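Novice: have a look at this prediction, sequence included:
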Amino acid sequence: MIVFILCFILFLVGLFGLLTSRNIIKIIIGLSFMEFSVYLFLVLIGYIEGGQAPIVVEGIDIQMIVDPLPQAMVLTAIVIGLATKAMLLSTAIRIYKKFRSFDIRKIRSLKG
Amino acid sequence: MDQSIPIFVIIPLAASFFISMVGGRIRGFGKTLSVLVFLCTLIIALSYLISGNHASMVYKIGGWEPVGNIPIGIYLLLDPFSGFMLIIINTMAFLATLYSVNYMTKYTGEKYFYTLFCIMVAGLNGVVLAGDLFNLYVFLEITVIASYALVAFGTEKEELEASFKYQILGGMATALILFSIGMIYWYTKTLNIADITKMLASSNDRMLIQFCELILIAGFGLKAAIMPFHGWLPDAHSSAPSPISAMLSGVVIKAAGLYVIFRLFFNMFEITWEISVLITAIGTLSMVVGVFLAIGQWDLKRLLAYHSISQMGYVIIGVGMGMMIVATSGNMALASLAITGGLFHLINHAVFKGLLFLNAGAIEYRLGTRDLNQMGGLFEKMPLTSGTSLAASMAISGIPPFNGFFSKLVIIVAAIQAKFYLLAALAVIVSIITLASFMKFQRYAFFNGQAEDYGKDGIREVPFFMSFAMVVMAVLCLALSLLMIPSVRESFLQPAVDALLGNNEYFMNLLNM
């Protein structure tokens, strides 16, 4: 149970960083924390106490295996997360070139 | 026919690959190929509709058959509701690419535009076809990553800021959706929507299911920009290039947001009173607040973007009323009427809001401004733009011969029959305020005063492909009114409503083959 609570705390740390920091790079780091806590949660739900790796080998009798599907899901999700992070960071670079600043208080050309 | 289901995803993806590889070497390769691809997918989607066969069809990727009635592998599922969404997506994509043939010439890197556009449409087609939650999430991400890049396509200050806002909120939505999918998987040990339905039906842990439902509403509500989550929409939709604004407002917020909410809450979860009241309440909120935010805007595309929030509210209250009637096990014919109104408004909004954004793009193309104060007198200079935008304005504010009137009428009649008098009154009031706001648009843009000449050779009508796309959409605005005729409705709209209401058929088809 304690791991789930730690996982939730990690999520809250990410949310706190996202809401309070003014530097867009730090906002992106906060968002990454949130996503990674979700990935950790996905891995945790597949874990079964005392389970073994889900590999079937002849001659070895496996009583209990961990659930392999969340691991496949989390790999896919990490790759997708990589793509979104790459997109976010490249946008951040372009923003810096245009505004000469990472401060969100200075990036306010849209109103209304 | 069921072998042709993956074509909707494969063809646009392959096209995006070829455009990014070859597009730079052959002139006009990107635009030609993407127009042809969307024409092709549109024809396949229409052929499903016209065939009159309204059974749902399943495609099993890799041919993985269910083992002991437990589905393994990835299933794509085409049922009348998905077919209905596919037609909206591919029609709008076809017309928007046709429009971009002329419009995008003022940007550099055209081939990247068509590459991203094809990826976005492939993702959208995948979202409406996906038969399990995780693939739905994957296709959703494909769509939104392409649309993040397309919003920032101009790479000016405004576009980048809007795209950054969109990406942060979209990233939070992604985290919530993935978390909720994880919770559902933990509880049911399956990802297939039909299998989850079966598992949830035999469970009694309401607290956990309700928790998942609320997180899913928050996640997909962020993608659909319904009221408490609407912050990114006006910026993103007004900063993107106009064909992309038309796609985002006309298709993406519907297919990636509302479609998933409707599909999951009708076909996966059991409909409960609390959730249906919540959905109707946020629908009412976005309908009322959206229009009040819209009326004070002077930036044309921003005004249209706020109206998108408001018009989505109509769709949600239509379907939400249907959910409330189903939850109290009331009159099913009435529930069907309310949902028909909602879905009818969904397709109507795709057409007229797409057209309005294309009009805004046409004005921007010639004048180089989106500020209503700097326009005026365009009625004589741009007669086609003016005429089509008049048609769309009348459709959105509900003037009789156009489609918007009929769908609003159905929603209001359903509300009165179901004794939701407050909702009916609010829908009428919001419609009147919409009319006022579009009279302002018409007056300042087309009739009042005279715009200064910006271009070298004055202001004149936009090029052929742009006008053609706009005229086709204006004709569609009128033609969709025909859906009110019972026999046409039976063959087009009613199967989609039945697919939502008759939730048995959806998973029967997936499991027992």
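Specialist: Yes, it's here.

Novice: burial of the spatially closest residue to residue B:489 that is not a sequence neighbour, as a residue count?
Specialist: Excluding its sequence neighbours, the residue lying closest to residue B:489 (CB to CB, 6 or more residues apart in numbering or on different chains) is residue B:483, at 5.4 Å. Backbone N, C-alpha and C define where each C-beta goes, glycine included. Here the number of neighbours of residue B:483 (other CB atoms under 10 Å in any protein chain shown) works out to 22.

Novice: from chain A, how far out is residue B:483?
Specialist: In this structure, residue B:483 lies at 36 Å from chain A, with CB to the nearest CB, to the nearest Å as the measure.

Novice: thought residue B:122 was touching residue B:142, still the case?
Specialist: Yes. Counting by CB atoms under 8 Å, residue B:142 touches residue B:122, with 6.7 Å between them.

Novice: is the helix or strand where residue B:121 lies anywhere near chain A?
Specialist: With elements taken from DSSP states H and E, the one containing residue B:121 is helix B:110-129. No. Using CB under 8 Å from any CB of the partner chain as the criterion, no contacts between helix B:110-129 and chain A are found, and the smallest distance is 11.1 Å.

Novice: now that helix - C-alpha only, PDB.
Specialist: Provided in PDB are the C-alpha atoms of helix B:110-129 (Å, rounded to 0.1, in the frame of the first residue of the first chain):
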ATOM      1  CA  GLU B 110       3.800  22.900 -47.100                       C
ATOM      2  CA  LYS B 111       4.700  19.200 -47.100                       C
ATOM      3  CA  TYR B 112       4.900  19.100 -43.300                       C
ATOM      4  CA  PHE B 113       1.400  20.600 -43.100                       C
ATOM      5  CA  TYR B 114       0.000  17.800 -45.300                       C
ATOM      6  CA  THR B 115       2.000  15.200 -43.400                       C
ATOM      7  CA  LEU B 116       0.700  16.300 -40.000                       C
ATOM      8  CA  PHE B 117      -2.800  16.700 -41.400                       C
ATOM      9  CA  CYS B 118      -2.800  13.100 -42.600                       C
ATOM     10  CA  ILE B 119      -1.500  11.900 -39.200                       C
ATOM     11  CA  MET B 120      -4.200  13.800 -37.400                       C
ATOM     12  CA  VAL B 121      -7.000  12.300 -39.600                       C
ATOM     13  CA  ALA B 122      -5.500   8.800 -39.200                       C
ATOM     14  CA  GLY B 123      -5.600   9.200 -35.400                       C
ATOM     15  CA  LEU B 124      -9.200  10.500 -35.500                       C
ATOM     16  CA  ASN B 125     -10.400   7.600 -37.600                       C
ATOM     17  CA  GLY B 126      -8.600   5.300 -35.200                       C
ATOM     18  CA  VAL B 127     -10.300   6.900 -32.100                       C
ATOM     19  CA  VAL B 128     -13.800   6.300 -33.500                       C
ATOM     20  CA  LEU B 129     -12.900   2.700 -34.600                       C
END
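
Novice: what sits against the residue nearest to residue B:489?
Specialist: For residue B:483, the set of contacting residues under the criterion of CB atoms under 8 Å, 6 or more residues apart in numbering or on different chains consists of B:344, B:347, B:403, B:406, B:489, B:492, B:493.

Novice: would CSV of the residues you listed with secondary structure be doable?
Specialist: Formatted as CSV, the contacts of residue B:483 follow (DSSP: H, G, I helix; E, B strand; the rest coil):
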residue, secondary structure
B:344, helix
B:347, helix
B:403, helix
B:406, helix
B:489, helix
B:492, helix
B:493, coil
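
Novice: do you know how far the residue nearest to residue B:489 is from residue B:374?
Specialist: Relative to residue B:374, residue B:483 is positioned 38 Å away (CB to CB, to the nearest Å).

Novice: how about residue 11: what's its closest non-neighbour residue?
Specialist: This is for chain A. Once flanking residues are discounted, residue A:11 sits nearest to residue A:37: 4.0 Å by CB to CB, 6+ apart.

Novice: the chain in question should be chain B.
Specialist: Closest residue in space to residue B:11, ignoring its immediate chain neighbours: residue B:37 at 5.3 Å, by CB to CB, 6+ apart.

Novice: for chain A, which residues are neighbours of chain B?
Specialist: Within reach of chain B by CB under 8 Å from any CB, chain A has these residues: A:11, A:18, A:24, A:27, A:31, A:34-35, A:38, A:41-42, A:45, A:67, A:69-70, A:73, A:76-77, A:80, A:83-84, A:87-88, A:91-92, A:94-95, A:98-99, A:107-110, A:112.

Novice: in whichever strand or helix holds residue B:473, which residues are buried?
Specialist: Under the criterion of DSSP H and E, residue B:473 resides in helix B:464-479. Of the residues in helix B:464-479, those scored as buried under the neighbour-count criterion (16 or more other CB atoms under 10 Å in any protein chain shown) are B:465, B:466, B:467, B:468, B:469, B:470, B:472, B:473, B:474, B:476, B:477.
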